[in-house]
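Trainee: structure for the following, please:
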Amino acid sequence: MPTTTRALASATAAATALLLAACGSSGDDAAAAADGVSVEAAFYPLQWAAERVGGDRVDVASLTPPGAEPHDLELTPQDVASLSEADLVVYLEGFQPALDDAVVEAGDAAWDAGDAADLSLTTTEEHHHEGETQEEHAGHADEEEHAEGEEVTDPHFWLDPTRLADVGDALAGRLAEVDPDGADTYRDNAAALRGDLEALDAEMEQGLADCAVTTLVTGHDAFGYLAERYGLDVVGISGLSPSSEPSPAQLAEISTLVRERGVTTVYTETLVDPAVAETVAREAGVQTAVLDPIEGLTDESAGDDYLAVMRADLATLQEGQGCA
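Mentor: The predicted model follows:
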């Protein structure tokens, strides 16, 4: 082979090798970037906030499957393993007992959104002993968790958009600790999220400013922060957990309250059996409507994200409460 031909072949081979190496390196970098910061979110509102704040830099998974009631979350061994592998676990202490027990697996990666949300509301939870023997009832006498009239913290902060905005800001800071290179992105995304939530808040405030009925009767006690923010008085038929069934005496009391206060609508929920709320409505002679506490999305949700469902809730409340 002539010298010129050999030189040309060598140059071509070298260029090809460099090109292949560059492509391989680019592919590896892209794969690494695609991995993102791994975030395990306890349930939908925290998942949505993490996705909005994290943007393309995070991979967010929800520990509560779509359509499941988050209060009743049960973790699989795979779920528990994912807690120890995540870069960040966003949860709400006191909302999901199963996760409270397991989040220790996440170590320093666990982040409780409750502090940023300022969980300032409490309610009284009654423990009912119907069906217990005298011996069982006596055995509960000294147990704090069975105390009558126990005061507990209301965790449902996300139904006040301004509190969710505060969580978004704090989450941006926490993500920046995990991924310092993304700090500016997280801050900007949180600012955009706050803008959307403050716009929603203004709509809610205007839409609920003049309602004929200010008592809000709901399936379970999930709407305290919404009621406080917009000047309503909420009465939850069940307790903070929808599985806490009221006694017949309580049902009768709420039915009487509905009639006395001129309530025209009792609200059921998307993820909870409506039977108890429908019983109250039937006894009081009023209608029912679906008001979503946005604890999770389903195919029956009145929107495809938090903002859309909150606006659907606003329309439902305006009609059900007789708002001008």
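Trainee: grab the nearest non-local neighbour of residue 235.
Mentor: residue 217 (4.9 Å; Cβ to Cβ, 6 or more residues apart in numbering). Yep, even glycine has a C-beta here, placed from its N, CA and C like the rest.
Trainee: where does the chain dip in pLDDT?
Mentor: The chain contains residues with pLDDT under 70 at 1-34, 125-149, 243.
Trainee: domain-wise, how is it divided?
Mentor: What the record gives for the chain is the domain set 37-114+159-199, 210-320, from automatic domain parsing.
Trainee: nearest to residue 150, out of these?
Mentor: Comparing these against residue 150 with Cβ to Cβ, the closest turns out to be domain 210-320 (10.1 Å).
Trainee: tell me what residue 62 is bridged to.
Mentor: Going by DSSP bridges, residue 62 is paired in beta bridges with residue 41.
Trainee: measure it to residue 251 for me?
Mentor: Plainly put, residue 62 is 34 Å away from residue 251 if you go by Cβ to Cβ, to the nearest Å.
Trainee: who's more crowded, the two?
Mentor: Here residue 62 and residue 251 are set side by side on neighbour count (other Cβ atoms under 10 Å), and the busier one is residue 62, at 22 against 16.
Trainee: is that one in contact with residue 41, as I believe?
Mentor: Yes: at 5.2 Å, residue 62 and residue 41 qualify as touching, with contact defined as Cβ atoms under 8 Å.
Trainee: give me the common contacts of those two.
Mentor: Listed contacts common to residue 62 and residue 41 are residue 47; contacts here mean Cβ atoms under 8 Å, 6 or more residues apart in numbering.
Trainee: contacts for the helix or strand harbouring the residue nearest to residue 235?
Mentor: Following DSSP states H and E, the helix or strand that holds residue 217 is strand 215-220. Residues external to strand 215-220 that are found in contact with it (Cβ under 8 Å, 6+ apart): 223, 227, 232-242, 244, 254, 257-258, 261, 263, 265-269, 272, 274, 276-277, 280, 291, 293, 317, 321.
Trainee: tell me how many other residues surround residue 308.
Mentor: The number of residues packed around residue 308, counting by other Cβ under 10 Å, is 13.
Trainee: in stretch 293-300, what's buried?
Mentor: Buried residues in stretch 293-300, defined by neighbour count with 16 or more other Cβ atoms under 10 Å: 293, 294, 295, 296, 297.
Trainee: and for that stretch, what's in contact with it?
Mentor: Against stretch 293-300 from outside (Cβ under 8 Å, 6+ apart): 43-45, 64, 66-71, 156, 158-159, 218, 220, 222-223, 269-271, 304-306, 309-310, 313.
Trainee: ok, 7 Å please
Mentor: 43-45, 64, 66-70, 156, 158-159, 222-223, 269-271, 306, 309-310 (Cβ atoms under 7 Å, 6 or more residues apart in numbering).
Trainee: residues making contact with stretch 56-69?
Mentor: Under Cβ under 7 Å, 6+ apart, the answer for stretch 56-69 is 35-44, 47, 50-51, 54, 70, 73, 75, 79, 99, 179, 182, 185, 242, 271-272, 295-298.
Trainee: now name the helix or strand holding residue 235.
Mentor: Under the assignment given by DSSP H and E, the secondary-structure element containing residue 235 is strand 233-238.
Trainee: and that strand with strand 215-220, angle?
Mentor: Strand 233-238 runs at 30 degrees relative to strand 215-220, counting by axes from the mean of the first three to the mean of the last three Cα atoms, to 10 degrees.
Trainee: check which helices and strands strand 233-238 sits against.
Mentor: Where contact means 3 or more Cβ pairs under 7 Å, 6 or more residues apart in numbering; DSSP states H and E, strand 233-238 is packed against strand 215-220, helix 224-230, helix 248-260, helix 275-284.
Trainee: between these, which one is closest to residue 86.
Mentor: Put simply, out of those the one that sits nearest residue 86 is helix 224-230, at 27.4 Å, with distance taken as Cβ to Cβ.
Trainee: mind listing the strands for the chain?
Mentor: With strands called from DSSP state E, the chain shows them at 37-41, 58-62, 88-91, 110-112, 122-125, 150-153, 215-220, 233-238, 265-268, 287-290.
Trainee: partner strands of the shortest one, with direction?
Mentor: With DSSP bridges as the criterion, the sheet partners recorded for strand 110-112 are strand 88-91 (parallel).
Trainee: all good on my end, thank you.
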